[in-house]
Every structure is written in C-alpha cells, then in structure tokens.
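Participant: Build the 3D model from these lines:
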Amino acid sequence: MDKVRMFLVWILALLICFACSYWLSYEAEFHPNGYEIVAKHPGSISLQTMDIFGLKDQKVKVQFTEEEAWRISKLESDVDSLDSSYLLFFTSVGAFLFSFFTDRLKDEPLKKGEVWGILFTVGLSWLTLQSELSRISEFL
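Facilitator: Here you go, the predicted structure:
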C-alpha cells in the first residue's frame, strides 16, 4: 500500500511540475535568454530578446532578401517551438528537485542511478533548449 501511495504522490508531483512549467513557458512566456516575435512584415521580422531573468532586453529587426524569404518562416517556427523546449526543461528540473528533496526528507542516501538518470534528463532537455537557441541566434 505504501508503494502505491508513493507512486500516486509521484504522479501528482509530476502533474504539478508539468502544470507549473506549462504556465511558465506558455502563459507567462518566461524564456530566459529566449526570443519573442514582436512583428512580422513581408521581407522582415522583429524579435524581442530576453535576458537571463526572462525580462525584455532589446528588439532586433532582421531583414532578408526575396531569395531568403524562407528564412522568415524558419525563424518564426524556431521561435514558436521554444515554448515546448522550455516546457520540457522546466518539467525535468521540477522532477529533479522533487526527487532530490523527497529523498532528503526521508534521510535516504543519494542513489547513484537516480542522480545520473535525472541529470541525464535535465542535461538532455538543456541541450535541446540550447541547440534551439543557438540555431535562432545563427539566423540573426
């Protein structure tokens, strides 16, 4: 019965992490070092850059020639997909923190496999996020 209860607590914690991450990335648009589309015009697109705290930093207007018009749609889709990358990253960090603090409250020793698994998950989501951010910055 104790295992079932702990499993349900884990599911509830993951749902709460997912809901908070969804709110942060989609509703609050908290994107540290991210980008946001301000305006889109034929041949150009204006982006708002964010700083490390997710606050608006500066506006960047990018213009392309008619032969490079495909870059506008690619840049727009990359900026729009940042939300899902931040959702994955925030959820994995929340799951890591939950796992870490529940083990500390029970006075359980730090399990090597658990640490590597969660760090791999957080690291993988961080690498995905960083690759998307670097792909956007290459267009700029």
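Participant: Parallel or antiparallel, list what pairs with the lowest-mean-pLDDT helix or strand in the chain.
Facilitator: Ranked by mean pLDDT, DSSP states H and E, the weakest helix or strand in the chain is strand 56-63, scoring a mean of 81. As defined by DSSP bridges, the strand partners of strand 56-63 come to strand 44-50 (antiparallel).
Participant: List of residues touching the strand it pairs with?
Facilitator: Residues outside strand 44-50 that contact it (Cβ atoms under 8 Å, 6 or more residues apart in numbering) are 31-40, 56-64, 72, 75-76, 79, 140. For glycine as for every other residue, the C-beta is placed from the backbone atoms N, C-alpha and C.
Participant: Could you rerun that using 10 Å?
Facilitator: For strand 44-50, contacts defined as Cβ atoms under 10 Å, 6 or more residues apart in numbering pick out 29-40, 56-64, 71-73, 75-76, 79, 82, 136-137, 139-140.
Participant: Then stretch 123-135?
Facilitator: Applying Cβ under 10 Å, 6+ apart, the external contacts of stretch 123-135 come out as 31-35, 74-75, 78-79, 81-82, 84-93, 116, 119.
Participant: If we use 8 Å, what do you get?
Facilitator: With contact meaning Cβ under 8 Å, 6+ apart, stretch 123-135 is reached by Asn33, Gly34, Tyr35, Asp78, Ser81, Leu82, Ser85, Tyr86, Leu88, Phe89, Thr91, Ser92.
Participant: how many other residues sit next to the first one?
Facilitator: A count of neighbours around Asn33, defined by other Cβ atoms under 10 Å, yields 15.
Participant: Can you tell me the element it falls in?
Facilitator: In the assignment (DSSP states H and E), Asn33 maps to no helix and no strand.
Participant: Mind telling me what element the residue most central in space within the chain is part of?
Facilitator: In the chain, the C-alpha nearest the mean C-alpha coordinate belongs to Tyr86, at 1.1 Å (Cα atoms, centre = their mean). For Tyr86, the element it lies in under DSSP H and E is helix 82-105.
Participant: Give the buried subset of the contacts of stretch 123-135 as a ChimeraX selection command.
Facilitator: In ChimeraX, a selection of the buried entries from these looks like this (16 or more other Cβ atoms under 10 Å):
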select :34,35,78,82,85,86,88,89,91,92
